[in-house]
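Peer 1: what follows is a predicted structure for the sequence shown.
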Amino acid sequence: MPNSLGFRKKAMSNKISNVNGFDFAHHCPEQRRTDKCQMSNLVLILIFLIWKTFDTWVLFFAAKIIPYLGFFPYPKELFDFGLPQVSSALANFDGIHYLKIACCGYAQWEQAFFPLYPLLIKCLTFVFNNGLTAGLIISNVSFLIGLWIFTKYLRLISTNSNQFQLILTILLFPTSFFFGAVYTEGLFFLLFVLTLYFLKKDLPAGRQENIYLATFFAILTSLTRLVGVFLIIPIIFHYLSLRVKRSNLNKEIASSSSTPRDDRKILNTKYFILILSPLIGLGIYCFYLWQTTGDPFFFFTSQPFFGANRSTRLILLPQVIWRYIKIFVTASHNFQYYVSVFEFLIFSFVFTVLIFDLFHLLMSFRARNLSISLRVNSVTSRGILKKDPSTRPASLDLVGMTTWDRLGLNLFSLANILFPTLTGTLLSIPRFTLLSLSMFIFLAEIKNKWIKIVVVVIFFILHIVVLGFFGQGYFIS
(Lines give C-alpha, C1' and ligand atoms only; values in the text may rest on other atoms or scores of the structure.)
Protein backbone atom coordinates (compact mmCIF):
# COMPACT_ATOMS: atom_id res chain seq x y z
CA MET A 1 0.00 0.00 0.00
CA PRO A 2 2.74 2.58 0.78
CA ASN A 3 4.45 1.77 -2.49
CA SER A 4 1.16 2.25 -4.34
CA LEU A 5 0.60 5.61 -2.67
CA GLY A 6 4.13 6.75 -3.55
CA PHE A 7 3.60 5.73 -7.16
CA ARG A 8 0.36 7.74 -7.34
CA LYS A 9 2.06 10.85 -5.92
CA LYS A 10 4.87 10.56 -8.46
CA ALA A 11 2.39 10.11 -11.29
CA MET A 12 0.37 13.15 -10.18
CA SER A 13 3.59 15.21 -9.98
CA ASN A 14 4.53 14.20 -13.52
CA LYS A 15 1.04 15.05 -14.70
CA ILE A 16 1.19 18.53 -13.22
CA SER A 17 4.66 19.20 -14.64
CA ASN A 18 3.56 18.36 -18.19
CA VAL A 19 0.19 20.08 -18.43
CA ASN A 20 -0.90 21.18 -21.88
CA GLY A 21 2.28 19.83 -23.45
CA PHE A 22 4.52 22.19 -21.52
CA ASP A 23 7.36 20.44 -19.70
CA PHE A 24 7.94 22.50 -16.57
CA ALA A 25 10.82 20.28 -15.50
CA HIS A 26 12.64 21.11 -18.70
CA HIS A 27 12.26 24.84 -18.11
CA CYS A 28 13.09 24.80 -14.42
CA PRO A 29 16.70 25.93 -13.85
CA GLU A 30 17.19 23.46 -11.01
CA GLN A 31 16.18 20.53 -13.20
CA ARG A 32 17.45 21.65 -16.57
CA ARG A 33 21.16 21.42 -15.71
CA THR A 34 23.07 18.82 -17.66
CA ASP A 35 26.50 17.32 -17.19
CA LYS A 36 27.45 18.75 -20.56
CA CYS A 37 27.10 22.36 -19.42
CA GLN A 38 28.67 21.94 -15.96
CA MET A 39 32.32 21.69 -15.05
CA SER A 40 33.81 19.78 -12.15
CA ASN A 41 35.95 21.51 -9.55
CA LEU A 42 38.93 19.36 -10.54
CA VAL A 43 38.71 20.49 -14.16
CA LEU A 44 38.42 24.10 -13.03
CA ILE A 45 41.58 23.85 -10.91
CA LEU A 46 43.39 22.07 -13.75
CA ILE A 47 42.67 24.70 -16.41
CA PHE A 48 43.53 27.45 -13.89
CA LEU A 49 46.94 25.87 -13.29
CA ILE A 50 47.50 25.42 -17.03
CA TRP A 51 46.61 29.09 -17.55
CA LYS A 52 49.06 30.23 -14.85
CA THR A 53 51.82 27.97 -16.16
CA PHE A 54 51.32 29.20 -19.72
CA ASP A 55 51.42 32.86 -18.65
CA THR A 56 54.62 32.21 -16.70
CA TRP A 57 56.30 30.76 -19.80
CA VAL A 58 55.10 33.73 -21.89
CA LEU A 59 56.74 36.12 -19.42
CA PHE A 60 59.91 34.00 -19.40
CA PHE A 61 60.36 34.01 -23.18
CA ALA A 62 59.25 37.67 -23.47
CA ALA A 63 62.21 38.65 -21.27
CA LYS A 64 64.53 37.07 -23.85
CA ILE A 65 62.86 38.56 -26.92
CA ILE A 66 61.46 42.00 -26.00
CA PRO A 67 63.81 44.71 -24.65
CA TYR A 68 62.93 45.83 -21.14
CA LEU A 69 61.44 49.33 -20.93
CA GLY A 70 60.13 49.73 -17.39
CA PHE A 71 58.29 52.94 -18.23
CA PHE A 72 56.54 53.41 -14.86
CA PRO A 73 57.44 54.80 -11.41
CA TYR A 74 59.75 52.81 -9.13
CA PRO A 75 60.56 49.92 -11.53
CA LYS A 76 63.78 49.02 -9.72
CA GLU A 77 61.99 48.64 -6.39
CA LEU A 78 60.20 45.55 -7.69
CA PHE A 79 63.49 43.66 -7.73
CA ASP A 80 63.97 44.44 -4.02
CA PHE A 81 61.29 41.87 -3.18
CA GLY A 82 63.67 39.09 -4.22
CA LEU A 83 61.26 37.19 -6.50
CA PRO A 84 61.99 36.01 -10.07
CA GLN A 85 61.35 38.43 -12.91
CA VAL A 86 58.32 36.40 -14.07
CA SER A 87 56.71 37.20 -10.71
CA SER A 88 57.82 40.80 -10.23
CA ALA A 89 56.63 41.61 -13.78
CA LEU A 90 53.07 41.07 -12.59
CA ALA A 91 53.37 44.14 -10.35
CA ASN A 92 54.30 46.58 -13.11
CA PHE A 93 52.64 50.01 -13.28
CA ASP A 94 49.70 50.11 -10.79
CA GLY A 95 51.00 47.07 -8.93
CA ILE A 96 53.97 48.85 -7.41
CA HIS A 97 51.66 51.60 -6.12
CA TYR A 98 49.51 49.03 -4.30
CA LEU A 99 52.64 47.57 -2.74
CA LYS A 100 53.92 50.98 -1.62
CA ILE A 101 50.51 51.90 -0.17
CA ALA A 102 50.47 48.59 1.72
CA CYS A 103 53.94 49.30 3.09
CA CYS A 104 53.93 53.04 3.76
CA GLY A 105 50.37 54.31 3.36
CA TYR A 106 49.09 56.77 0.80
CA ALA A 107 51.58 59.15 -0.81
CA GLN A 108 50.53 62.25 -2.74
CA TRP A 109 47.92 61.54 -5.46
CA GLU A 110 47.87 57.79 -4.71
CA GLN A 111 44.39 58.12 -3.23
CA ALA A 112 43.17 57.25 -6.74
CA PHE A 113 43.70 53.63 -5.63
CA PHE A 114 40.96 52.28 -3.38
CA PRO A 115 42.04 50.90 0.02
CA LEU A 116 40.82 47.32 0.49
CA TYR A 117 43.39 45.55 -1.72
CA PRO A 118 46.51 47.24 -0.27
CA LEU A 119 45.05 46.76 3.23
CA LEU A 120 44.81 43.00 2.62
CA ILE A 121 48.36 42.98 1.24
CA LYS A 122 49.56 44.68 4.41
CA CYS A 123 47.81 42.10 6.57
CA LEU A 124 49.27 39.13 4.66
CA THR A 125 52.73 40.69 4.59
CA PHE A 126 52.98 39.86 8.29
CA VAL A 127 52.47 36.21 7.33
CA PHE A 128 54.70 35.92 4.25
CA ASN A 129 57.14 38.75 5.09
CA ASN A 130 56.98 39.82 1.43
CA GLY A 131 54.44 42.28 0.04
CA LEU A 132 54.78 41.06 -3.54
CA THR A 133 54.16 37.46 -2.51
CA ALA A 134 51.15 38.55 -0.48
CA GLY A 135 49.71 40.51 -3.41
CA LEU A 136 50.14 37.62 -5.85
CA ILE A 137 48.55 35.16 -3.43
CA ILE A 138 45.56 37.43 -2.79
CA SER A 139 44.95 37.98 -6.51
CA ASN A 140 45.35 34.38 -7.66
CA VAL A 141 43.50 32.71 -4.79
CA SER A 142 40.71 35.27 -5.09
CA PHE A 143 40.41 34.68 -8.82
CA LEU A 144 40.36 30.88 -8.49
CA ILE A 145 37.70 30.97 -5.76
CA GLY A 146 35.83 33.57 -7.82
CA LEU A 147 35.76 31.25 -10.84
CA TRP A 148 34.35 28.48 -8.65
CA ILE A 149 31.65 30.76 -7.21
CA PHE A 150 30.91 32.03 -10.72
CA THR A 151 30.19 28.49 -11.96
CA LYS A 152 27.82 28.00 -9.02
CA TYR A 153 26.12 31.29 -9.86
CA LEU A 154 25.74 30.26 -13.49
CA ARG A 155 23.89 27.14 -12.37
CA LEU A 156 21.51 29.27 -10.32
CA ILE A 157 20.64 31.59 -13.20
CA SER A 158 20.65 28.61 -15.60
CA THR A 159 22.26 30.17 -18.65
CA ASN A 160 22.54 28.17 -21.85
CA SER A 161 26.30 28.61 -21.89
CA ASN A 162 28.77 25.76 -21.56
CA GLN A 163 30.70 26.47 -18.38
CA PHE A 164 33.97 25.09 -19.72
CA GLN A 165 33.79 27.27 -22.82
CA LEU A 166 32.83 30.31 -20.76
CA ILE A 167 35.73 29.93 -18.30
CA LEU A 168 38.11 29.25 -21.19
CA THR A 169 36.95 32.45 -22.92
CA ILE A 170 37.65 34.44 -19.75
CA LEU A 171 41.11 32.93 -19.30
CA LEU A 172 42.12 33.50 -22.94
CA PHE A 173 40.89 37.10 -23.06
CA PRO A 174 43.83 39.37 -24.06
CA THR A 175 44.16 41.03 -20.65
CA SER A 176 43.04 38.17 -18.39
CA PHE A 177 46.52 38.01 -16.82
CA PHE A 178 45.52 41.04 -14.73
CA PHE A 179 43.34 38.67 -12.67
CA GLY A 180 46.52 37.06 -11.35
CA ALA A 181 48.65 40.21 -11.20
CA VAL A 182 49.10 42.64 -8.29
CA TYR A 183 45.99 44.49 -9.38
CA THR A 184 42.48 44.64 -7.93
CA GLU A 185 40.87 42.59 -10.73
CA GLY A 186 41.17 39.20 -8.98
CA LEU A 187 39.86 40.44 -5.62
CA PHE A 188 37.09 42.52 -7.21
CA PHE A 189 35.99 39.55 -9.33
CA LEU A 190 35.64 37.38 -6.21
CA LEU A 191 33.69 39.97 -4.21
CA PHE A 192 31.50 40.81 -7.19
CA VAL A 193 30.45 37.22 -7.93
CA LEU A 194 29.98 36.51 -4.21
CA THR A 195 27.48 39.37 -4.08
CA LEU A 196 25.65 38.05 -7.15
CA TYR A 197 25.70 34.50 -5.81
CA PHE A 198 24.19 35.33 -2.42
CA LEU A 199 21.63 37.60 -4.07
CA LYS A 200 20.45 34.67 -6.16
CA LYS A 201 20.71 32.18 -3.28
CA ASP A 202 18.27 34.38 -1.38
CA LEU A 203 15.52 33.97 -3.98
CA PRO A 204 14.26 30.43 -3.43
CA ALA A 205 14.37 30.35 0.35
CA GLY A 206 14.48 33.98 1.46
CA ARG A 207 17.26 33.19 3.91
CA GLN A 208 18.23 36.29 5.83
CA GLU A 209 21.87 35.24 6.27
CA ASN A 210 22.30 35.27 2.48
CA ILE A 211 20.98 38.83 2.32
CA TYR A 212 23.40 39.90 5.01
CA LEU A 213 26.29 38.22 3.19
CA ALA A 214 25.32 39.91 -0.09
CA THR A 215 25.26 43.26 1.74
CA PHE A 216 28.66 42.61 3.32
CA PHE A 217 30.35 41.63 0.06
CA ALA A 218 28.75 44.55 -1.82
CA ILE A 219 30.29 46.96 0.68
CA LEU A 220 33.71 45.34 0.27
CA THR A 221 33.36 45.44 -3.52
CA SER A 222 32.91 49.21 -3.58
CA LEU A 223 35.88 49.52 -1.19
CA THR A 224 37.99 47.75 -3.82
CA ARG A 225 37.17 49.83 -6.90
CA LEU A 226 34.92 52.76 -7.73
CA VAL A 227 32.97 50.73 -10.28
CA GLY A 228 31.72 48.66 -7.35
CA VAL A 229 29.00 51.26 -6.77
CA PHE A 230 27.31 49.99 -9.94
CA LEU A 231 26.47 46.80 -8.06
CA ILE A 232 23.38 48.75 -7.16
CA ILE A 233 22.09 47.85 -10.66
CA PRO A 234 21.93 44.03 -10.25
CA ILE A 235 20.73 44.52 -6.66
CA ILE A 236 17.81 46.65 -7.84
CA PHE A 237 16.97 44.09 -10.52
CA HIS A 238 17.03 41.43 -7.81
CA TYR A 239 14.48 43.47 -5.87
CA LEU A 240 12.34 43.93 -8.99
CA SER A 241 12.39 40.19 -9.62
CA LEU A 242 11.06 39.64 -6.09
CA ARG A 243 8.25 42.10 -6.72
CA VAL A 244 7.32 40.40 -9.98
CA LYS A 245 7.36 37.01 -8.31
CA ARG A 246 5.15 38.26 -5.46
CA SER A 247 2.74 39.95 -7.90
CA ASN A 248 2.37 36.84 -10.06
CA LEU A 249 1.87 34.64 -7.03
CA ASN A 250 -0.86 36.89 -5.62
CA LYS A 251 -2.67 36.91 -8.96
CA GLU A 252 -2.82 33.14 -8.93
CA ILE A 253 -3.77 32.98 -5.26
CA ALA A 254 -6.61 35.39 -5.97
CA SER A 255 -8.25 32.65 -8.01
CA SER A 256 -8.42 30.48 -4.87
CA SER A 257 -10.68 31.62 -2.03
CA SER A 258 -9.01 29.24 0.43
CA THR A 259 -5.52 30.77 0.32
CA PRO A 260 -4.73 34.25 1.73
CA ARG A 261 -2.70 36.76 -0.24
CA ASP A 262 0.92 37.35 0.69
CA ASP A 263 0.93 41.06 1.50
CA ARG A 264 4.22 41.20 3.39
CA LYS A 265 6.44 44.11 2.48
CA ILE A 266 9.42 43.23 0.31
CA LEU A 267 11.32 46.50 0.75
CA ASN A 268 11.99 46.12 4.46
CA THR A 269 15.03 47.40 6.34
CA LYS A 270 17.37 44.60 5.29
CA TYR A 271 16.61 45.05 1.60
CA PHE A 272 16.87 48.82 1.89
CA ILE A 273 20.37 48.46 3.37
CA LEU A 274 21.21 45.88 0.69
CA ILE A 275 20.31 48.34 -2.07
CA LEU A 276 22.41 51.06 -0.44
CA SER A 277 25.35 48.79 0.41
CA PRO A 278 27.52 49.71 -2.62
CA LEU A 279 27.12 53.37 -1.70
CA ILE A 280 28.02 52.58 1.92
CA GLY A 281 31.39 51.18 0.85
CA LEU A 282 32.13 54.26 -1.24
CA GLY A 283 30.93 56.47 1.61
CA ILE A 284 33.41 54.87 4.01
CA TYR A 285 36.32 55.70 1.70
CA CYS A 286 34.98 59.21 1.05
CA PHE A 287 34.80 59.80 4.81
CA TYR A 288 38.41 58.65 5.18
CA LEU A 289 39.54 61.00 2.39
CA TRP A 290 37.60 63.88 3.93
CA GLN A 291 39.36 63.28 7.26
CA THR A 292 42.85 62.95 5.72
CA THR A 293 42.82 65.32 2.73
CA GLY A 294 39.78 67.54 3.22
CA ASP A 295 38.36 66.37 -0.12
CA PRO A 296 35.94 63.41 0.05
CA PHE A 297 36.28 62.89 -3.71
CA PHE A 298 40.05 63.09 -3.85
CA PHE A 299 40.14 59.66 -5.54
CA PHE A 300 38.62 61.44 -8.55
CA THR A 301 40.15 64.92 -8.39
CA SER A 302 43.65 63.41 -8.10
CA GLN A 303 43.35 61.63 -11.47
CA PRO A 304 44.88 64.40 -13.66
CA PHE A 305 47.86 64.81 -11.30
CA PHE A 306 48.47 61.08 -11.25
CA GLY A 307 49.41 61.15 -14.92
CA ALA A 308 46.57 59.02 -16.29
CA ASN A 309 45.56 61.65 -18.87
CA ARG A 310 42.03 61.69 -17.48
CA SER A 311 39.82 64.73 -17.30
CA THR A 312 37.70 65.73 -14.32
CA ARG A 313 35.21 67.32 -16.72
CA LEU A 314 32.38 65.25 -18.18
CA ILE A 315 33.24 64.12 -21.72
CA LEU A 316 30.67 62.18 -23.73
CA LEU A 317 31.41 59.00 -25.66
CA PRO A 318 31.05 60.55 -29.17
CA GLN A 319 33.73 63.08 -28.22
CA VAL A 320 36.03 60.27 -27.07
CA ILE A 321 35.49 58.32 -30.29
CA TRP A 322 36.21 61.43 -32.37
CA ARG A 323 39.39 61.99 -30.40
CA TYR A 324 40.60 58.48 -31.21
CA ILE A 325 39.74 58.85 -34.88
CA LYS A 326 41.94 61.94 -34.99
CA ILE A 327 44.72 59.96 -33.31
CA PHE A 328 44.49 57.25 -35.97
CA VAL A 329 44.67 59.85 -38.76
CA THR A 330 47.31 62.25 -37.44
CA ALA A 331 49.53 60.45 -34.89
CA SER A 332 52.81 58.76 -35.78
CA HIS A 333 52.83 54.98 -35.80
CA ASN A 334 54.77 54.36 -32.60
CA PHE A 335 54.04 51.87 -29.83
CA GLN A 336 51.48 54.11 -28.12
CA TYR A 337 49.65 54.47 -31.43
CA TYR A 338 49.08 50.71 -31.55
CA VAL A 339 48.05 50.71 -27.89
CA SER A 340 45.38 53.27 -28.81
CA VAL A 341 44.23 51.02 -31.65
CA PHE A 342 44.08 48.10 -29.23
CA GLU A 343 42.03 50.12 -26.73
CA PHE A 344 39.61 51.27 -29.41
CA LEU A 345 39.13 47.80 -30.91
CA ILE A 346 38.57 46.12 -27.54
CA PHE A 347 36.07 48.78 -26.50
CA SER A 348 34.22 48.57 -29.82
CA PHE A 349 34.06 44.77 -29.66
CA VAL A 350 32.88 44.56 -26.05
CA PHE A 351 30.39 47.42 -26.40
CA THR A 352 28.90 45.84 -29.54
CA VAL A 353 28.58 42.43 -27.88
CA LEU A 354 26.90 43.95 -24.83
CA ILE A 355 24.41 45.87 -26.98
CA PHE A 356 23.55 42.67 -28.86
CA ASP A 357 23.20 40.89 -25.53
CA LEU A 358 20.90 43.62 -24.18
CA PHE A 359 18.73 43.55 -27.30
CA HIS A 360 18.49 39.75 -27.11
CA LEU A 361 17.53 39.88 -23.42
CA LEU A 362 14.86 42.52 -23.97
CA MET A 363 13.32 40.57 -26.85
CA SER A 364 13.37 37.25 -25.02
CA PHE A 365 12.08 38.87 -21.83
CA ARG A 366 8.71 39.74 -23.28
CA ALA A 367 8.37 36.61 -25.39
CA ARG A 368 9.25 34.32 -22.49
CA ASN A 369 6.91 35.99 -20.02
CA LEU A 370 4.06 35.95 -22.54
CA SER A 371 4.63 32.25 -23.25
CA ILE A 372 4.69 31.36 -19.58
CA SER A 373 1.63 33.52 -18.88
CA LEU A 374 -0.38 31.70 -21.55
CA ARG A 375 0.59 28.34 -20.15
CA VAL A 376 -0.18 29.40 -16.58
CA ASN A 377 -3.63 30.51 -17.69
CA SER A 378 -4.11 27.18 -19.41
CA VAL A 379 -3.09 25.30 -16.28
CA THR A 380 -5.32 27.49 -14.11
CA SER A 381 -8.29 27.03 -16.42
CA ARG A 382 -8.01 23.26 -15.97
CA GLY A 383 -8.43 23.77 -12.25
CA ILE A 384 -5.06 22.48 -11.09
CA LEU A 385 -3.81 25.67 -9.47
CA LYS A 386 -7.27 26.64 -8.28
CA LYS A 387 -7.60 23.40 -6.34
CA ASP A 388 -4.18 23.67 -4.74
CA PRO A 389 -1.98 26.74 -5.39
CA SER A 390 0.92 24.96 -3.68
CA THR A 391 1.22 22.71 -6.74
CA ARG A 392 2.37 25.68 -8.79
CA PRO A 393 5.69 24.66 -10.39
CA ALA A 394 8.71 26.69 -9.26
CA SER A 395 9.74 27.09 -12.88
CA LEU A 396 6.97 29.66 -13.41
CA ASP A 397 8.96 32.01 -11.18
CA LEU A 398 12.53 30.98 -11.98
CA VAL A 399 12.32 30.99 -15.77
CA GLY A 400 11.28 34.63 -15.88
CA MET A 401 13.61 35.62 -13.07
CA THR A 402 16.62 34.37 -15.00
CA THR A 403 16.10 37.21 -17.46
CA TRP A 404 15.99 39.75 -14.62
CA ASP A 405 19.36 38.50 -13.39
CA ARG A 406 20.89 38.67 -16.86
CA LEU A 407 19.49 42.17 -17.45
CA GLY A 408 21.02 43.43 -14.22
CA LEU A 409 24.37 41.85 -15.09
CA ASN A 410 24.27 43.27 -18.61
CA LEU A 411 23.55 46.82 -17.46
CA PHE A 412 26.34 46.58 -14.88
CA SER A 413 28.69 45.40 -17.65
CA LEU A 414 27.73 48.37 -19.81
CA ALA A 415 28.21 50.81 -16.93
CA ASN A 416 31.58 49.19 -16.23
CA ILE A 417 33.00 50.14 -19.64
CA LEU A 418 31.06 53.37 -20.26
CA PHE A 419 31.81 55.08 -16.96
CA PRO A 420 35.61 55.34 -17.53
CA THR A 421 35.02 56.94 -20.95
CA LEU A 422 33.46 59.96 -19.22
CA THR A 423 37.02 61.02 -18.34
CA GLY A 424 37.76 61.53 -22.04
CA THR A 425 39.86 58.45 -22.80
CA LEU A 426 39.71 54.69 -23.44
CA LEU A 427 42.84 54.28 -21.34
CA SER A 428 42.84 50.91 -19.49
CA ILE A 429 39.55 49.87 -21.10
CA PRO A 430 41.01 46.48 -22.19
CA ARG A 431 41.60 45.77 -18.49
CA PHE A 432 38.32 47.21 -17.26
CA THR A 433 36.34 45.02 -19.67
CA LEU A 434 37.40 41.93 -17.72
CA LEU A 435 34.57 42.65 -15.28
CA SER A 436 31.90 42.96 -17.98
CA LEU A 437 30.90 39.35 -17.33
CA SER A 438 27.75 39.54 -19.42
CA MET A 439 29.96 39.76 -22.50
CA PHE A 440 31.64 36.43 -21.70
CA ILE A 441 28.27 34.75 -21.07
CA PHE A 442 26.96 35.98 -24.41
CA LEU A 443 30.04 34.72 -26.27
CA ALA A 444 29.72 31.31 -24.61
CA GLU A 445 26.06 31.09 -25.68
CA ILE A 446 26.86 31.57 -29.38
CA LYS A 447 25.76 28.45 -31.25
CA ASN A 448 28.05 28.77 -34.26
CA LYS A 449 31.23 26.88 -33.34
CA TRP A 450 33.31 28.59 -36.06
CA ILE A 451 32.57 32.03 -34.64
CA LYS A 452 33.63 30.75 -31.23
CA ILE A 453 36.85 29.30 -32.64
CA VAL A 454 37.76 32.53 -34.44
CA VAL A 455 37.09 34.63 -31.31
CA VAL A 456 39.10 32.31 -29.05
CA VAL A 457 42.06 32.16 -31.48
CA ILE A 458 42.18 35.98 -31.75
CA PHE A 459 41.96 36.26 -27.95
CA PHE A 460 44.77 33.72 -27.56
CA ILE A 461 47.14 35.50 -29.95
CA LEU A 462 46.48 38.91 -28.44
CA HIS A 463 46.89 37.47 -24.95
CA ILE A 464 50.43 36.31 -25.73
CA VAL A 465 51.45 39.60 -27.35
CA VAL A 466 49.90 41.88 -24.73
CA LEU A 467 51.24 39.87 -21.78
CA GLY A 468 54.75 39.79 -23.28
CA PHE A 469 54.93 43.57 -23.64
CA PHE A 470 53.33 44.21 -20.25
CA GLY A 471 55.88 41.97 -18.57
CA GLN A 472 58.68 43.99 -20.12
CA GLY A 473 57.36 47.28 -18.78
CA TYR A 474 55.34 48.58 -21.74
CA PHE A 475 52.04 50.19 -20.85
CA ILE A 476 49.20 48.12 -22.29
CA SER A 477 46.17 48.80 -20.14
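Peer 2: That came through, no problem.

Peer 1: burial measure for the residue nearest to residue 279 when sequence neighbours are not counted, as a count.
Peer 2: What sits nearest to residue 279 in space, not counting adjacent residues and going by C-beta to C-beta, 6 or more residues apart in numbering, is residue 229, at 6.2 Å. (C-beta placed from N, C-alpha, C; glycine too.) Around residue 229 there are 20 other residues, counting by other C-beta atoms under 10 Å.

Peer 1: tell me the contacts of residue 229?
Peer 2: By C-beta atoms under 8 Å, 6 or more residues apart in numbering, the contact set of residue 229 is 222, 278-279, 281-282.

Peer 1: turn these into JSON lines, columns for secondary structure.
Peer 2: Listed next are the contacts of residue 229 as JSON lines, based on DSSP: H, G, I helix; E, B strand; the rest coil:
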{"residue": "222", "secondary structure": "helix"}
{"residue": "278", "secondary structure": "helix"}
{"residue": "279", "secondary structure": "helix"}
{"residue": "281", "secondary structure": "helix"}
{"residue": "282", "secondary structure": "helix"}
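
Peer 1: if we only consider the residues you listed, which is nearest to residue 474?
Peer 2: Nearest to residue 474 among the contacts of residue 229, counting by C-beta to C-beta, is residue 222 at 31.1 Å.

Peer 1: how far away is the closest one from residue 428?
Peer 2: For residue 222, the distance to residue 428 equals 19 Å [C-beta to C-beta, to the nearest Å].

Peer 1: more neighbours: these two, which one.
Peer 2: A count of neighbours by other C-beta under 10 Å puts residue 222 above the other of residue 222 and residue 428, at 28 against 19.

Peer 1: my read: that one touches residue 299, true?
Peer 2: No - between residue 222 and residue 299 there is no contact under C-beta atoms under 8 Å: 11.6 Å.

Peer 1: need the overlap of contacts for these two.
Peer 2: Shared contacts of residue 222 and residue 299 (C-beta under 8 Å, 6+ apart): residue 285.

Peer 1: follow-up on the earlier one: can you redo the contacts of residue 229 as JSON lines with distance to residue 328?
Peer 2: Putting those into JSON lines (distance: C-beta to C-beta, whole Å) gives the following:
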{"residue": "222", "distance to residue 328": "36"}
{"residue": "278", "distance to residue 328": "37"}
{"residue": "279", "distance to residue 328": "39"}
{"residue": "281", "distance to residue 328": "39"}
{"residue": "282", "distance to residue 328": "36"}
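
Peer 1: narrow these to those that are buried.
Peer 2: Buried members of the contacts of residue 229, scored by 16 or more other C-beta atoms under 10 Å, are 222, 278-279, 281-282.

Peer 1: list the residues that contact residue 56.
Peer 2: Residues in contact with residue 56 (C-beta under 8 Å, 6+ apart) are residue 86.

Peer 1: check what pLDDT it gets.
Peer 2: Looking at residue 56, its pLDDT is 97.

Peer 1: neighbours of residue 295, how many?
Peer 2: As a burial measure, residue 295 scores 14 neighbours (other C-beta under 10 Å).

Peer 1: pretty sure it contacts residue 289?
Peer 2: Yes - look at residue 295 against residue 289 with C-beta under 8 Å: they come within range, at 6.2 Å.

Peer 1: in stretch 415-423, which residues are buried?
Peer 2: Here stretch 415-423 shows 415-417, 420-423 as buried, counting by 16+ other C-beta under 10 Å.

Peer 1: for the spatially closest residue to residue 139 that is not a sequence neighbour, which three-state class applies?
Peer 2: Nearest in space to residue 139, with sequence neighbours left out and distances taken as C-beta to C-beta, 6+ apart, is residue 186 at 3.6 Å. Per three-state DSSP, the local secondary structure of residue 186 is helix.

Peer 1: ok, now how distant is residue 186 from residue 322?
Peer 2: Going from residue 186 to residue 322 by C-beta to C-beta gives 35 Å.

Peer 1: looking at those two, which has the bigger crowd around it?
Peer 2: When residue 186 and residue 322 are compared for neighbours, residue 186 comes out ahead with 26 against 11, by other C-beta under 10 Å.

Peer 1: got a list of what the more buried one touches?
Peer 2: Applying C-beta under 8 Å, 6+ apart to residue 186 gives the contacts 138-140, 142-143, 146, 178-180.

Peer 1: what subset of those residues is buried?
Peer 2: Of these, these count as buried by 16+ other C-beta under 10 Å: 138-140, 142-143, 146, 178-180.

Peer 1: now those residues as JSON lines including secondary structure?
Peer 2: Shown next, in JSON lines, are the buried ones among the contacts of residue 186 (three-state DSSP):
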{"residue": "138", "secondary structure": "helix"}
{"residue": "139", "secondary structure": "helix"}
{"residue": "140", "secondary structure": "helix"}
{"residue": "142", "secondary structure": "helix"}
{"residue": "143", "secondary structure": "helix"}
{"residue": "146", "secondary structure": "helix"}
{"residue": "178", "secondary structure": "helix"}
{"residue": "179", "secondary structure": "helix"}
{"residue": "180", "secondary structure": "helix"}
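
Peer 1: and residue 242, what pLDDT?
Peer 2: Residue 242 is given a pLDDT of 77.

Peer 1: nope, residue 80 is what I meant
Peer 2: What the model reports for residue 80 is a pLDDT of 88.

Peer 1: same thing with the one 10 residues further on?
Peer 2: The per-residue pLDDT reported for residue 90 equals 95.

Peer 1: next: residue 176.
Peer 2: Per-residue pLDDT puts residue 176 at 97.

Peer 1: for it, what are its contacts?
Peer 2: With contacts defined as C-beta under 8 Å, 6+ apart, residue 176 is in contact with 51, 170, 434, 463.

Peer 1: please flag which of those residues sit within helices.
Peer 2: Within the contacts of residue 176, residues falling in helices by DSSP state H are 51, 170, 463.

Peer 1: can you pull out the low-pLDDT segments for the protein?
Peer 2: Low-confidence regions of the chain, defined by pLDDT under 70, span residues 1-37, 158-160, 202-209, 245-267, 305-309, 366-401.

Peer 1: ok, the residue nearest to residue 436 when sequence neighbours are not counted to residue 282 distance?
Peer 2: Of all residues not flanking residue 436 in the chain, residue 413 sits nearest, at 3.6 Å (C-beta to C-beta, 6+ apart). Counting by C-beta to C-beta, the gap between residue 413 and residue 282 amounts to 19 Å.
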